[in-house]
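Colleague: pasting the sequence and the predicted model now:
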Amino acid sequence: FEINPFKVEGFFRPATQCGGDWWWYQGNDGKLRVLVTDVTGHGPASAMVATAVATTFQNVQDMESYSDMEDIISSLDKSIRRMGDEYWLSMNALEIDTQKGSLQLWGAGAPPLFRMNSQGKLDVLKSPGDPIGLQGGQIKRSEFSLSPGDRLMIFTDGLYEFKKENSKNFGMKGLYELFA
């Protein structure tokens, strides 16, 4: 998917037959939105909760009065809470202004993003916040700038929890070194 000058590429492979990871991207009116989420647990129950979250997101973003990302995130939070306190959702939600090259990042208990600039320098972008669905939790927003040639890597915990041949987790350090 491309929205000038940005290009989105994705890859998904569940750790088991199905799971609670979900991602979405959409571009229009000079804005690119990307959501990467992970529902607690594994298997069919987490996959069903992720489906409900995806449906809520689609329905809410289509409502003109809910076009603001913070309103959408609030609706996702309400949706997860209605399912009880057994599930919560980690998420990174990005909104990129393609004209200004600005990035707004809402973090909700998700891993940080990696940004590699055109000179190969790697930065870790964080927006600390609590997972969606936790009572009293807060979602935080941070702002960053993007330049031509920047690359972002957005992922869930499944990537750095991946087990290597020696049965050790890949880890954040291993992932950082791989991306660098």
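Modeller: Great, that's in hand. If you're wondering where the values come from, they're calculated on a predicted model, not measured in any experiment.

Colleague: what about residue 152, neighbour count?
Modeller: 19 (other C-beta atoms under 10 Å). C-beta: built from backbone N, CA, C; applies to glycine.

Colleague: quick one: contacts for it?
Modeller: For residue 152, the set of contacting residues under the criterion of C-beta atoms under 8 Å, 6 or more residues apart in numbering consists of 94, 103, 113-115, 125, 146.

Colleague: and if you look at residue 85?
Modeller: Shown in contact with residue 85 (C-beta under 8 Å, 6+ apart): 133, 135.

Colleague: residues contacting stretch 134-146, please?
Modeller: Contacts for stretch 134-146 (C-beta under 8 Å, 6+ apart): 70, 73, 77, 81, 85, 88, 96, 101-109, 115, 125-132, 152.

Colleague: would you mark the buried spots in that stretch?
Modeller: 134, 139, 144, 146 (16 or more other C-beta atoms under 10 Å).

Colleague: and those residues, which of them are in strands?
Modeller: Secondary-structure check on the buried residues of stretch 134-146 using DSSP state E: residues within strands are residue 144.

Colleague: from what I can see residue 23 touches residue 11, true?
Modeller: No. Proximity of residue 23 to residue 11 does not meet the contact threshold set by C-beta atoms under 8 Å, at 9.7 Å.

Colleague: looking at these two, which has the bigger crowd around it?
Modeller: Neighbour tally, residue 23 and residue 11, criterion other C-beta under 10 Å: the higher count belongs to residue 23, 19 against 7.

Colleague: run through the residues that contact the more buried one.
Modeller: Under the criterion of C-beta under 8 Å, 6+ apart, the neighbours of residue 23 are 10, 12, 34-37, 154.

Colleague: give me the contacts around the top strand by length along the chain.
Modeller: Identified as the longest strand of the chain according to DSSP E is strand 31-42. When contacts are taken as C-beta under 8 Å, 6+ apart, the neighbours of strand 31-42 outside the stretch itself are 3, 6, 8, 15-16, 19-27, 46, 49-50, 53, 57, 69, 86-98, 110, 154-158.
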